[in-house]
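Enquirer: let me see the structure of the following:
(one chain, ligands or ions: 2)
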Amino acid sequence: MPTNVTPEFDRQRQIYEDTEDLPQRIVELQKLLSLAPRHKGAERMRGNYRKKLAVLKAQLEKERERDRARRGGGSDEGVVRKEGAGQVCLVGVTNSGKSSLINAVTNAELTVADYPFATAIPTPAMMILEDINIQLVELPGIFEGSHEAGIGRQALSVARNTDCIALVIDLSRDIEPQMTVILSELDRARIRLNREKTAVRIERVGSGGLQIYGIQNFDGTKEEVFEYLRARKVNNIIVRFQKHTTFQQLADAMDASVVYVRAMVIGTKGDAQGSIERFEELETEYSERFDIVPTSALKQENLDLMSWAIYEHLDILRVYTKIPGRKRERRPIVLPVGSVVEDAAGKVHKELFVERFRMAVIIREKDKIKRRQVGLSYPLQEGDILQLTHM
Ligand SMILES: Nc1nc2c(ncn2[C@@H]2O[C@H](COP(=O)(O)OP(=O)(O)OP(=O)(O)O)[C@@H](O)[C@H]2O)c(=O)[nH]1
Ligand SMILES: [Mg+2]
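Expert: Numbers count the residues shown, from 1 in each chain. Ligands and ions are numbered 1, 2, ... in the order given. Just a heads-up that it's a prediction; the model follows:
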């Protein structure tokens, strides 16, 4: 090139040429243009880069439009409709044995293969657990950069909306690289696992300035919180630190795109050589954060234990209604843990059993007090048998 250019310009040109990501490429090209020589001899070069910039911007605009059309058009590619009493996503690196595990506990016949990425899209299957159905969803193998685009991103968006994430760790190979990539990709997709979401409560208000309560629960000073809020241009807010809160938890609470999902770990290929040692390593490193269940699909080991661990992590309970003088219903009503009689009554028949509620009798076979008469606000327990009467 005849034009005399500066070393900065040359360096920037290199950066620009090496950048593939479209939005970033535009930024780098803009930087390049700002460093381009101004003299007449460089006019053509500048003109060429400007044309290039226009082309890239048009390209980006087109891509974004396509994205919008795809979303707005309601295409449900990669979206899994929730069914059953709860949904669990299996997240792991490719070949970790996700499909084999699902096949072992459902009627599904997912492709099991020793080549990578045999499962290419989020794939649901139904697991029957006694009298309820739980939906298992295999997500395509996670790899570094999954969260950025394409199928990986799609998979993570399913994981964002699920009821429970099962981290699938292959016990036939090193666990640390698997854990690292899974945890970092979920984290970068703004999915927080087993985190206390109620540690800090945020209330955006119209006036009143910055109001901070419970600062003694925060890992820092009031001044730091003020500074952080001001830097984010927040002028009016109520922040309540209800339990011990780290700075990251505060940042997460301020970020509407962060989601909190219950999680557990399933070890696979527990029959493989070295799997016992790797399971022990997994326990040492992660049992404080996660419940961990080792399994073998090949040898059909621990599958029941795993299914019930999944149930526990869905935070649901089953209650059975009963008409006096008859047997209890075979199919349970499934409710979130913490539900009360009114929630169950509302599911049976709101007008009759809530609005015209007379009383409820709870039968707990294993309890000392087998029958108790209770009101609408009485907390339910797993396995409760419920007799409702109305006026
Ligand atoms: N020894 C042993 N091998 C297993 C077990 N489960 C799966 N495998 C093997 O591991 C390989 C991968 O199994 P898949 O079930 O396809 O794994 P996946 O995680 O669904 O893989 P992708 O969908 O391709 O990402 C296959 O060769 C299986 O035969 C197990 O319990 N024990
Ligand atoms: Mg698979």
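
Enquirer: please list all residues in contact with residue 89.
Expert: With contact taken as Cβ atoms under 8 Å, 6 or more residues apart in numbering, residue 89 is in contact with 122, 137, 139, 158-159, 162, 164-166. (C-beta placed from N, C-alpha, C; glycine too.)

Enquirer: try 6 Å
Expert: The neighbours of residue 89, taking Cβ atoms under 6 Å, 6 or more residues apart in numbering as the test, are 137, 139, 159, 162, 165.

Enquirer: cool, and residue 142?
Expert: The contact partners of residue 142, by Cβ under 6 Å, 6+ apart, come to 91, 93, 182, 185.

Enquirer: on the three-state scheme, it is what?
Expert: The local conformation at residue 142, judged by DSSP: H, G, I helix; E, B strand; the rest coil, is coil.

Enquirer: show me which residues of the chain are close to ligand 1?
Expert: 92, 94-100, 112-114, 116-119, 141, 268-269, 271-272, 296-298 (Cβ under 6 Å from any ligand atom).

Enquirer: can you redo the contacts of residue 89 as JSON lines with neighbour count, distance to residue 229 and secondary structure?
Expert: Converted to JSON lines, the contacts of residue 89 look like this (neighbours: other Cβ atoms under 10 Å; distance: Cβ to Cβ, whole Å; DSSP: H, G, I helix; E, B strand; the rest coil):
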{"residue": "137", "neighbour count": "23", "distance to residue 229": "38", "secondary structure": "strand"}
{"residue": "139", "neighbour count": "27", "distance to residue 229": "36", "secondary structure": "coil"}
{"residue": "159", "neighbour count": "23", "distance to residue 229": "30", "secondary structure": "helix"}
{"residue": "162", "neighbour count": "24", "distance to residue 229": "32", "secondary structure": "coil"}
{"residue": "165", "neighbour count": "26", "distance to residue 229": "31", "secondary structure": "strand"}
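
Enquirer: from these, which single one is nearest ligand 2?
Expert: residue 139 (9.3 Å; Cβ to the ion).

Enquirer: now the closest one: closest residue in space, sequence neighbours ignored.
Expert: Nearest residue to residue 139, sequence neighbours excluded (Cβ to Cβ, 6 or more residues apart in numbering): residue 155, at 4.1 Å.

Enquirer: the one you found contacts residue 140, doesn't it?
Expert: Yes: between residue 155 and residue 140 there is a contact at 5.2 Å, judged by Cβ atoms under 6 Å.

Enquirer: quick one on the thing from earlier: tell me the contacts of the residue nearest to residue 139?
Expert: Contacts for residue 155 (Cβ under 6 Å, 6+ apart) come out as 122, 139-140.

Enquirer: can you rerun that using 10 Å?
Expert: Residue 155 makes contact with 78, 89, 91, 119-122, 137-142, 146-147, 185, 189 under the criterion Cβ atoms under 10 Å, 6 or more residues apart in numbering.

Enquirer: try residue 52
Expert: With contacts defined as Cβ under 10 Å, 6+ apart, residue 52 is in contact with 16, 25-26, 29, 32-33.

Enquirer: now flag whichever of the residues you listed is closest to ligand 1.
Expert: The closest of the contacts of residue 52 to ligand 1 turns out to be residue 25 (Cβ to the nearest ligand atom; 31.2 Å).

Enquirer: separation between that closest one and residue 58?
Expert: Between residue 25 and residue 58 the computed distance is 13 Å (Cβ to Cβ, to the nearest Å).

Enquirer: and the two? Which one has more around it.
Expert: Legend: neighbour count by other Cβ atoms under 10 Å for residue 25 and residue 58, higher for residue 25 (20 against 10).

Enquirer: run through the stretch 151-300 of the chain and note the low-pLDDT ranges.
Expert: The model of the stretch 151-300 of the chain has no residue with pLDDT under 70.

Enquirer: mind checking how far residue 314 is from residue 290?
Expert: Taking Cβ to Cβ, one finds residue 314 at 15 Å from residue 290.

Enquirer: same question for residue 121.
Expert: 26 Å.
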